[in-house]
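> Build me a model from this:
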Amino acid sequence: MVLSELNHKGATKVLLEVNPANKRAIRAYEKCGFHKIKDLEDHLQLMEWTPDSN
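Numbering: from 1, shown residues only. From the prediction side, this is the model:
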């Protein structure tokens, strides 16, 4: 599902976990409006998208 569709359906945020070593994925998510919010214990990074972050 596309983020704009989620926004249209009323989503207030989307969270995802990404491996910090996967720089290409992180950059792609950032281009879509995601931003890093914290490092997780299991060597993953939490990223968040909100409708107003575009």
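> switch to C-alpha atoms for all contacts and neighbour counts from now on
OK.
> Identify the residue nearest Glu17 in space, chain neighbours excluded?
Leu46 (4.7 Å; CA to CA, 6 or more residues apart in numbering).
> my read is that neighbour is in a strand, agree?
Yes - applying DSSP: H, G, I helix; E, B strand; the rest coil, one finds Leu46 inside a strand.
> Report how many residues lie close to it.
Using other CA atoms under 10 Å, the number of residues around Leu46 comes to 17.
> my guess is Trp49 meets Ala11, correct?
No - if you go by CA atoms under 8 Å, Trp49 and Ala11 don't touch, sitting 9.9 Å apart.
> Comparing the two, which shows the higher neighbour count?
It is Trp49, of Trp49 and Ala11, that has more neighbours when counted by other CA under 10 Å, with 22 against 14.
> okay, and for this structure, where does confidence drop off?
Counting by pLDDT under 70, the chain shows low-confidence ranges at 1, 53-54.
> ok, residues contacting whichever helix in it runs longest?
For the chain, the helix with the greatest residue count under DSSP state H is helix 23-31. Residues from elsewhere that reach helix 23-31 (CA atoms under 8 Å, 6 or more residues apart in numbering): Val18, Pro20, His35.
> what residues are up against the last one?
Counting by CA under 8 Å, 6+ apart, His35 makes contact with Tyr29, Met47, Glu48, Trp49.
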